[in-house]
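Asker: no sequence for this one, just the structure:
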């Protein structure tokens, strides 16, 4: 079910993103500087809040599913709105996504929208995870979905093109 997929996929994506930021601590601040949407004094604090929010929501999803998935939906919708704004108003800029060196493209926004929809669906229906073989299938599907969504923007980016 969709809620089970959300309970596997969202924590994987959020925690992986936070860890990516922690492993490349200058990537998100550099991207935010390139986006030119924040005053210089706020770039590092905002980047820190983003990373902490991703990590906390990812970990909380395992403990308190519905509120954490609702919070993840809000965060991801914010990413959709922010990414859409930056795409419309700025020259080609880096994404700053999860520590990866990728350009901000429409695919990044689509990924955030897909994850937001999944988080909303999961928040509406989240219950306990399945057991036995159903859990194994759900874990495999959720992990596969997380990896595919994570790789989507880079896989669909043509060097030299911004959309």
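Answerer: Sure thing, it's come through. Not measured: the values here are computed from a predicted model.

Asker: residue ranges of the helices in the chain, please?
Answerer: Taking DSSP state H as the criterion, the chain contains helices spanning 2-23, 27-35, 40-63, 65-89, 106-125, 132-155.

Asker: so what secondary structure elements neighbour the shortest one?
Answerer: So the one you mean is helix 27-35. helix 2-23, helix 40-63 (3 or more CB pairs under 8 Å, 6 or more residues apart in numbering; DSSP states H and E). Placement of C-beta: from N, CA and C, glycine included.

Asker: mind putting the ones you listed in CSV, mean pLDDT included?
Answerer: Converted to CSV, the helices and strands packed on helix 27-35 look like this (pLDDT from 0 to 100):
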stretch, mean pLDDT
helix 2-23, 90
helix 40-63, 96
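
Asker: closest to residue 133 out of those?
Answerer: When the helices and strands packed on helix 27-35 are compared by CB to CB, helix 2-23 sits nearest residue 133, at 12.9 Å.

Asker: That closest one to helix 65-89, inter-axis angle?
Answerer: Taking axes from the mean of the first three to the mean of the last three CA atoms, to 10 degrees, one finds helix 2-23 and helix 65-89 inclined to each other by 60 degrees.

Asker: quick one: residue 23 and residue 32, what's the gap?
Answerer: Using CB to CB, to the nearest Å, one gets 17 Å for the distance from residue 23 to residue 32.

Asker: When the two are compared, which one has more neighbours?
Answerer: residue 32 (22 against 10; other CB atoms under 10 Å).

Asker: For the more buried one, which non-adjacent residue is spatially closest?
Answerer: Taking CB to CB, 6 or more residues apart in numbering as the measure, residue 32 lies nearest to residue 43, with 4.8 Å between them; neighbours along the chain are not counted.

Asker: now do residue 3
Answerer: Once chain neighbours are set aside, the closest to residue 3 by CB to CB, 6+ apart is residue 125, at 3.9 Å.
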